[in-house]
Each structure stands twice: as C-alpha cells, then as structure tokens.
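Asks: Fold the following and give me the result.
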Amino acid sequence: MANGVIDLDMSNFEETIAEGVVLVDFWAPWCGPCKMQTPILENQVVGAVEGKAVIAKLNVDDNRDLAVKYSVRSIPAIFIFKNGEIVKQLTGLQKGADLIAAIEEVL
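Replies: Below you'll find the predicted structure:
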C-alpha cells in the first residue's frame, strides 16, 4: 500500500500487531465503502498518528483465515490493536476524525 499504510497478510500480521497501537482495516477490492475508506486512511489518519500508531490494511479475500479468526462478517471492519489485543472494533465506512479519536483513546 502507498502513503504510509502497511499491507498485511498471513506472513506479517501477527508480528505487526504484537507491539504498540495498530489500526487494521479489513477490506476487499470489490467493496465500494472499502475503496472510500482507503483515501481517508492515507490522507487524514496516517499523518495525524504518525509515530504513535501504525495504519494497515488486510485483504480478506486473500487472507480468509485471518478474517475468520477475527470473525469479520462485514467490511470495511476496523480493528484497533494494542500490544496484540483488540481494544476497539468499528464496522462500515468511518470518518477520519473518528478514527483519529479512536486511536488517541487507546494510546
């Protein structure tokens, strides 16, 4: 992914969420709201939390096992992890300010 958003898959997911605060956007290329979420993450959220949190995306079509593990039933699904534990979950298209506030809450 571009613009400060990390692309996750089975090989780097656990390592990425293990430490610190990580926002993971579970998405799919065919999902309209998911396509709308990406520029919000890239243009608003990344800069606002730079150095404090990691912003990442996980394609549920390519990583079904992780989607099942986290019971993702609707996308976009935003999970915020802190030191490997889920601390917040949001479903559907989210505003940048709401995502920034959610991250700030758990820092």
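Asks: list the contacts for residue 86?
Replies: 70, 79, 80 (Cβ atoms under 8 Å, 6 or more residues apart in numbering). No exception for glycine: its C-beta is placed from N, CA and C like everyone else's.
Asks: Residue 59 now?
Replies: Contact analysis of residue 59 by Cβ under 8 Å, 6+ apart lists 7, 9, 27, 28, 29.
Asks: If any of those are buried, give me the ChimeraX selection for them.
Replies: In ChimeraX, this line selects whichever of those come out buried by 16 or more other Cβ atoms under 10 Å:
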select :27,28
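Asks: Between the contacts of residue 59, which sits nearest residue 39?
Replies: Taking Cβ to Cβ as the measure, residue 39 lies nearest residue 27 of these, at 12.5 Å.
Asks: Which members of the contacts of residue 59 occur in strands, if any?
Replies: For those, the ones inside strands are 7, 27, with DSSP state E as the criterion.
Asks: show me where this structure has strands.
Replies: With DSSP E, the ranges of strands along the chain come out as 5-8, 21-27, 53-59, 77-82, 85-91.
Asks: ok, and which of those has the densest surroundings?
Replies: strand 21-27 (a mean of 24; mean count of other Cβ atoms under 10 Å).
Asks: Export it to CSV, keeping only CA atoms.
Replies: Output of strand 21-27 as CSV, limited to C-alpha atoms (Å, rounded to 0.1, in the frame of the first residue of the first chain):
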residue,chain,number,x,y,z
VAL,A,21,-1.1,0.6,18.6
VAL,A,22,-2.1,-0.7,15.2
LEU,A,23,-5.3,0.1,13.2
VAL,A,24,-6.1,-2.7,10.8
ASP,A,25,-8.7,-2.1,8.0
PHE,A,26,-10.1,-5.5,6.9
TRP,A,27,-11.2,-4.9,3.3
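Asks: Kind regards, and thank you for your time.
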